[in-house]
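Asker: Sequence first, then the predicted structure, then my questions.
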Amino acid sequence: MTASVPPGPTSGPDAPGTPPRHRAPGAPPRRLGVVDVGIRVVFYLGALAALLVVVGLGVAAIVDTGAPRTWGSYTEVSCEGGTIRHGCQSRGTWVSDDGRDRLDDVGLDGSVSDEGTTRAYATPDALLGGDDIVHDGAWTWVGWVLPAGLLVALVVGVLRRAEAFGDLERLRSRRRRGEGGRGGDARDDDARGEDGRDDDAPGGPARLSPRRSRPDR
């Protein structure tokens, strides 16, 4: 007499890549609760606000590239914040080459020489910085590369979180259902005859009776 084999476990974690046991493959995702909807609303609104900030920084950086530049000499007075290992923010005095413009306690976007001086330009009409910072010209590209990098990181982060939320799967499921509905309507139209009668209906498509010829007299 052979021993009966007990049935396998009916519960437990699913294998990676397999749909949950309580939902058939291809079935639409479960409905969201109030808490889930609230979490998603807060997340996507925050992402939208961050997107607007990043886009604004990028636009300002692009506009600032065309702002007039006034070259001069920068002399460092102090280096505030940070440490020797991580660097600090240089603060000093900038004077234009013609001596007409002078900026005190201004920051430097760049680095100084061993003597504490460097060539730098000011952009008083710029949207970012203005009279608060001068540039040595070596890191000008950072002004528009940084917003671009932030934009890419933001988009990737939002897409990954949307995938974790299951929102991308919901969008794909809705798209498949929409395409399936349009395809079904097209098949229904093809199944109808030219006269509008359904070929699959009882009696089949409408047929014209053959015309009988009269015998010659």
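Answerer: Done, it's in. Just so it is clear, the model here is predicted, and its values are computed rather than measured.

Asker: what's the strand ranked longest in the chain packed up against?
Answerer: The single longest strand within the chain, with elements called by DSSP state E, is strand 70-83. Counting contacts by 3 or more Cβ pairs under 8 Å, 6 or more residues apart in numbering; DSSP states H and E, strand 70-83 packs against strand 87-96, strand 102-109, strand 117-122. (C-beta placed from N, C-alpha, C; glycine too.)

Asker: who wins for proximity to Ala148 among these?
Answerer: strand 102-109 (17.8 Å; Cβ to Cβ).

Asker: per-residue pLDDT, Thr70?
Answerer: Per-residue confidence (pLDDT) for Thr70: 91.

Asker: Now that Asp64 has come up, it's in contact with Ala122, right?
Answerer: No: taking contacts as Cβ atoms under 8 Å, Asp64 lies outside contact range of Ala122: 11.9 Å.

Asker: When those two are compared, which one has more neighbours?
Answerer: Neighbour totals were compared for Asp64 and Ala122, and Ala122 leads with 27 against 19 (other Cβ atoms under 10 Å).

Asker: what's the pLDDT at Ala153?
Answerer: Predicted confidence (pLDDT) for Ala153: 95.

Asker: The longest helix seen in the chain - contacts with which helices or strands?
Answerer: When the chain is parsed with DSSP state H, its longest helix is helix 34-64. Counting contacts by 3+ Cβ pairs under 8 Å, 6+ apart, helix 34-64 packs against helix 142-165.

Asker: Low-confidence ranges, this protein, go.
Answerer: Within the chain, the set of residues satisfying pLDDT under 70 comprises 1-30, 82-87, 180-217.

Asker: tell me, how many neighbours does the residue lying closest to Ser90 once chain neighbours are set aside end up with?
Answerer: Excluding its sequence neighbours, the residue lying closest to Ser90 (Cβ to Cβ, 6 or more residues apart in numbering) is Leu108, at 4.2 Å. Using other Cβ under 10 Å, Leu108 has 21 other residues around it.

Asker: Hmm, Trp94 and Val77 touching each other?
Answerer: No: judged on Cβ under 8 Å, Val77 makes no contact with Trp94 at a distance of 10.7 Å.

Asker: higher neighbour count, these two?
Answerer: It is Trp94, of Val77 and Trp94, that has more neighbours when counted by other Cβ under 10 Å, with 25 against 14.

Asker: pretty sure the more buried one is touching Asp109, no?
Answerer: No: assessed by Cβ under 8 Å, Trp94 is found out of contact with Asp109, at 11.4 Å.

Asker: Give the residues shared as contacts by those two.
Answerer: Jointly contacting Trp94 and Asp109 under the rule Cβ atoms under 8 Å, 6 or more residues apart in numbering are Val134.

Asker: per-domain residue ranges of this protein.
Answerer: The record, using automatic domain parsing to delimit domains, assigns the chain the ranges 68-139, 141-180.
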